[in-house]
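S.K.: dropping a prediction and its sequence here:
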Amino acid sequence: MSNAIIWVIMIPLLGSLISIIWSRYASLIAIISNLVALVASTAVLMRVYQSGPFLHELGGWHAGLGISLRADALSSILLVMSMTVISAATFYASAYFTDAAKRARFWPLWLMLTVALNALLLSGDLFNLYVTLELLGLSAVALTALSDNRAALQAAIRYLSIGLLGSLVFLAGVALVYAGYGTLDLATLASLVQANPLSQVAFGLMTAGLLIKSALFPLHFWLPSAHASAPAPVSAALSALVVKVAVYILLRLWVDVFDLVLTLSSTMLLGILGAIAVIWGSWQALQAQRLKLMAAYSTVAQIGYLFIFLPLIAALPEGALQDAAFTALLLMALTHGFAKSAFFLSAGVIQQYCGHDRIAELGGTARALPLTIFVISLSGVALIGLPPSGSFLGKWYLISSSFQAGQWWWIPVVLVGSVLATAYVFRILGHAFGPGESIGRVLNRGREEIPALILALFATLILGFGSAELWDLVAQHAEAAGN
Amino acid sequence: MDFFDNLPLLILLSSLLPGLAIFLVREENHVLRTSLNMFGALTKLALVGLMIWGVYHEWVSDMRWQIAPGLELVLHADALSVVFVTLSTVLWLVTTIYAIGYLEHSPHRSRFFGFFSLCVTATVGLALAGNLFTFVIFYELLTLATYPLVAHKGTPEAVRGARTYLTYTLGGGVLLLIGVVWLHTIAGPIDFQERGVLSGLTHLDPWTLRWIFLFMIIGLGVKAALFPLHGWLPKAMVAPAPVSALLHAVAVVKAGAFGIIRVVYDVFGVEYAAALGLLPFLGAIAAFTIIYGSVRALSQDHLKRRLAYSTISQVSYIALGTAILGPLATIGGVVHLVHQGVMKITLFFAAGNYAETLGIHHVSEMDGVGKRMPATTLAFSVAALGMIGIPPIAGFISKWYLGLGAFQAGAGFWVIPVLVASSLLNAAYFLPILYRAWFKPAVVKWPAEKPQSGRWEMPGALMWPPVITAILALLFGLLAGAPFSPLEWATLIAGREY
């Protein structure tokens, strides 16, 4: 059990290597290794829940020399979420790819993406964060390029160059930190960092790099084409996880290390950009003609909500109110992760069934693929933020934090964003329930539809009704960080 | 009583689980779907019977489920929720029978009945909600469950109507949410409590409370179709007849009215709301809506549209009763929740029968229909006379108590003219229909008559529901003084609220 934290990374890594050698059994290898990693990640979460954050030094080398893995509430929750999404998408992908050559290229990259995600979430120092971020970006680009049409390749090239720009800017910030403080270990840095120009520039650079990666307005321009043209399981992982871990690093750096450096006005700027992202992304989603493009713009909007929380967290007094806002942020991120991946997987089913994903021509899909349309409805409920989804609670606290922090101007943003989200979700459903020919069975493509259903249920019922423990965990995290 | 504590949850599940199962039933499997429907409806009825017994004896039933710090799902049965739960359950049973007959040969029946059950589940959840948080959740769920029912026919007109419905109700839902969250931030979690919660919290700023009240009333007023938020209701008429019946009598419109009662009595406390000066505001809107709806109804030739405007007017009686301070007016408002329900559902059943059997959609086509369809037209007449307020039908009782309450509160000088004007207008748009139906000679050929089969004017599943609800409307008026009558419950509630 105590080695679970290593398994989370090592098992997918091994799987990736083996799947290159035995490419015939690659799907099976991927399924097994991701399930093992899922179990291991749950074990990590349980350990954090029971006995608090912990540190694992690889090979017994201490920080500074060796690599250390750290798990706390924030990282272990996101770890379990991302492994759940990855596992569901793995089952899905095992039925999705029909072309053997493409399948042989997909699995090693997919497992490498898993490794990068998990290692990033468990990294305890800036250099490892940089390395894993780079690995994540590269495997994501390669996976995007798997849809071998012209548009996908162009999107992948753009994704690659933007991603590299983002990590280089981040690396510059990391280098400045090393020059200034002589260490990259987050825990050590936390006690050293002072509010001086060096820290400000370094943190500014790292933030800028991460904003590119997390596609905050106006740096979102690369996202829609990349996410919309990738194969469905890849889109799911990109939108649900890859964008989100950049936000995770930002939060981690801000809360744990640079909280002295950050001023209320700079968080306010991020909040305003987030608010514009909510409105702009939702509006673009409403205009989109294709299902996957709509989902991609919706991701731009949903990322915006996460940034609106930052000025609220900065303004609220430490304690229960701040914890609640922080948990709500996390809940929104988790709900979006589950909902958006379910949405993309379902969009993939529709695309395979109809041969296209043009929204205006979806008529009859509700009769042909009832379960898939049901999943789209459930994830739509979560994207709008209606009960019983987790994002309903998230928005509840977003509104109440705005009242408590005296920043009431975010409330109309939430209102408009929700109305626009309603419009784009029901636009799809309106077309899907429209007239069309064939009547299908309830369960048409079990191996693709059931994983999507499970993810959608996580986004709605489970996070909506069963997230009480999340609050305990985050309160515990805040306490640990305060000490 | 463990069982009694779980009763609210069981009542919810008794329509939720059959509803979910119905989605999976194959279209052709009529028997299984009907059995599931009837099993759910009858189980719910039995459970509600138990609950009535319990609440009458002041057993407390309270279920809590912690969701987040300060946010609990609470299911709670009190006298007011029992009124609404019973109304929903009884009318659901009748409407289900009607819908089975009505949709016999149309497509997508499993989808329809699935959402139909979810809609009732949301309504009952709303009735049993023990705090504002739970209320908001079921309020939004109700919107989601009714949207597919309004859009059911799938025609461009239906899709447009459903979109209008969604825009109004979700917009209202967001405003309600803002009001509720705002209240939470200044006053903490609000459990519904007889005589109100806020009246005990004197440190709160009265102006903030007034703003919160405004947000909540706008949010609830959309569903209750208060002027000027009523625009969706006539457009939602494109839904199939059983849906319109349920929407107007129980589910959506009543959810708004019920919410207004809850907010005024069990959140603010009616006396405190009066002290804050909120009641005249609500009363003025309600009074205006009563007159406005009736005037608009006069000029509608389309039968269902005329009934829709009549609903806008009649539901505001409930808000009016809430807005007048005093137990008698409270009785009038609460009892009208039930009375309007049984009368209006009768009218819509009858309208559906005319359309289904003879193809009649407009008032101008109804000449002589009484001879062709005597049972339906008799039921229609009873309900229409009740709406006007003719004794001894239920509607008379509501208006009587509203009038008495107005005098008691010293508001008679403006309420009585509103009541009189409204009754005259009701008469002006209902009596011509009755005259046409009974006394004018029948036209030679009905617009789209179906061949008559069997001994009655139409299949029994369609004919009996309006007859039953018309009899209920008559009994509620005749036996208003009997134990367990709606009036007696309303009196019980009024006694606990002051």
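M.R.: Okay, I see it.
S.K.: name the element residue A:326 belongs to?
M.R.: When elements are assigned from DSSP states H and E, residue A:326 belongs to helix A:320-354.
S.K.: which parts of stretch A:204-221 are buried?
M.R.: When burial is assessed from 16 or more other CB atoms under 10 Å in any protein chain shown, stretch A:204-221 yields the following buried residues: A:204-217, A:219-220. C-beta coordinates here come from the backbone N, C-alpha and C atoms, glycine included.
S.K.: send me that stretch as PDB with only the CA atoms.
M.R.: C-alpha atoms of stretch A:204-221 as PDB (Å, rounded to 0.1, in the frame of the first residue of the first chain):
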ATOM      1  CA  GLY A 204       4.800  36.400 -13.500                       C
ATOM      2  CA  LEU A 205       6.700  34.300 -16.100                       C
ATOM      3  CA  MET A 206       5.500  31.000 -14.700                       C
ATOM      4  CA  THR A 207       1.900  32.300 -14.600                       C
ATOM      5  CA  ALA A 208       2.100  33.500 -18.100                       C
ATOM      6  CA  GLY A 209       3.300  30.100 -19.300                       C
ATOM      7  CA  LEU A 210       0.600  28.400 -17.400                       C
ATOM      8  CA  LEU A 211      -2.100  30.800 -18.700                       C
ATOM      9  CA  ILE A 212      -1.100  29.800 -22.300                       C
ATOM     10  CA  LYS A 213      -1.400  26.100 -21.300                       C
ATOM     11  CA  SER A 214      -4.700  26.600 -19.600                       C
ATOM     12  CA  ALA A 215      -6.100  28.600 -22.500                       C
ATOM     13  CA  LEU A 216      -7.400  31.500 -20.500                       C
ATOM     14  CA  PHE A 217      -8.900  34.200 -22.700                       C
ATOM     15  CA  PRO A 218      -7.300  35.800 -24.700                       C
ATOM     16  CA  LEU A 219      -4.700  33.000 -24.900                       C
ATOM     17  CA  HIS A 220      -7.300  30.400 -25.800                       C
ATOM     18  CA  PHE A 221      -7.100  30.700 -29.600                       C
END
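S.K.: what's that stretch in contact with?
M.R.: If you take CB atoms under 8 Å, 6 or more residues apart in numbering or on different chains as the criterion, stretch A:204-221 is touched by A:133, A:137, A:162-163, A:165-174, A:176-177, A:222-223, A:243-244, A:246-247, A:249-250, A:253, A:270, A:273-274, A:276-277, A:280-281, A:299-300, A:303-304, A:307.
S.K.: separate out the buried members of these.
M.R.: For the contacts of stretch A:204-221, burial is judged from neighbour counts taken by 16+ other CB under 10 Å, and it is met by A:133, A:137, A:162-163, A:165-167, A:169-174, A:176-177, A:222-223, A:243-244, A:246-247, A:249-250, A:253, A:270, A:273-274, A:276-277, A:280-281, A:299-300, A:303-304, A:307.
S.K.: which residues of chain B fall in strands?
M.R.: B:61-68, B:71-77 (DSSP state E).
S.K.: those strands: lowest mean pLDDT?
M.R.: If you rank the strands of chain B by mean pLDDT, strand B:61-68 sits at the bottom with a mean of 83.
S.K.: quick one: residues in contact with it.
M.R.: In this structure, residues lying in contact with strand B:61-68 by CB under 8 Å, 6+ apart are A:324, A:327, A:393, A:397, A:464-465, A:467-468, A:471, B:1, B:4-9, B:51, B:54-55, B:72-77, B:130.
S.K.: PyMOL command for the buried members of those residues?
M.R.: With 16+ other CB under 10 Å as the burial test, the buried ones among the contacts of strand B:61-68 are selected in PyMOL as follows:
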select buried, (chain A and resi 324+327+393+397+464+465+467+471) or (chain B and resi 4+5+7+8+9+51+54+55+72+73+74+75+76+77+130)
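S.K.: count the residues that sit near residue A:100.
M.R.: The tally of other residues near residue A:100 (other CB atoms under 10 Å in any protein chain shown) stands at 9.
S.K.: which pLDDT value goes with it?
M.R.: 82.
S.K.: neighbours of residue 259, how many?
M.R.: Using chain A here. Count around residue A:259 with other CB under 10 Å applied: 14.
S.K.: ah, no, chain B please
M.R.: Using other CB under 10 Å, residue B:259 has 25 neighbouring residues.
S.K.: pretty sure it is in contact with residue B:142, am I right?
M.R.: No. Between residue B:259 and residue B:142 no contact is recorded; they are 10.5 Å apart, counting by CB atoms under 8 Å.
S.K.: mind showing which ranges of the stretch 301-450 of chain A have poor pLDDT?
M.R.: Of all residues in the stretch 301-450 of chain A, those with pLDDT under 70 make up the ranges A:436-444.
S.K.: circling back to that earlier point, and the strands of chain B as TSV, adding distance to residue A:72?
M.R.: Rendered in TSV, the data for the strands of chain B read as follows (distance: least, CB to CB, whole Å):
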stretch	distance to residue A:72
strand B:61-68	21
strand B:71-77	25
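S.K.: who wins for proximity to residue B:265 among those?
M.R.: Proximity to residue B:265 (CB to CB) singles out strand B:71-77 among the strands of chain B, at 14.4 Å.
S.K.: can that closest one be found next to chain A?
M.R.: Yes. Contact check for strand B:71-77 against chain A, using CB under 8 Å from any CB of the partner chain: residues in range are B:71, B:73.
S.K.: against residue A:452, how distant is the residue sitting furthest away from the middle of chain B?
M.R.: Counting by CA atoms, centre = their mean, the extreme residue of chain B relative to its mean C-alpha position is residue B:444, 37.7 Å from that point. As defined by CB to CB, to the nearest Å, residue B:444 lies at a distance of 59 Å from residue A:452.
S.K.: for residue A:236, what are its contacts?
M.R.: For residue A:236, the contact set (CB under 8 Å, 6+ apart) comprises A:85, A:89, A:92, A:340-342, A:344-345, A:348.
S.K.: are any of those buried, and which?
M.R.: Among the contacts of residue A:236, those that count as buried by neighbour count (16+ other CB under 10 Å) are A:85, A:89, A:92, A:340-342, A:344-345, A:348.
S.K.: dump these into JSON lines; add distance to chain B as well.
M.R.: Listed next are those as JSON lines, based on distance: CB to the nearest CB, whole Å:
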{"residue": "A:85", "distance to chain B": "23"}
{"residue": "A:89", "distance to chain B": "26"}
{"residue": "A:92", "distance to chain B": "22"}
{"residue": "A:340", "distance to chain B": "20"}
{"residue": "A:341", "distance to chain B": "22"}
{"residue": "A:342", "distance to chain B": "17"}
{"residue": "A:344", "distance to chain B": "22"}
{"residue": "A:345", "distance to chain B": "21"}
{"residue": "A:348", "distance to chain B": "23"}
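S.K.: tell me the one among the residues you listed nearest to residue B:211.
M.R.: Residue B:211 lies nearest to residue A:340 out of these, by CB to CB, at 35.5 Å.
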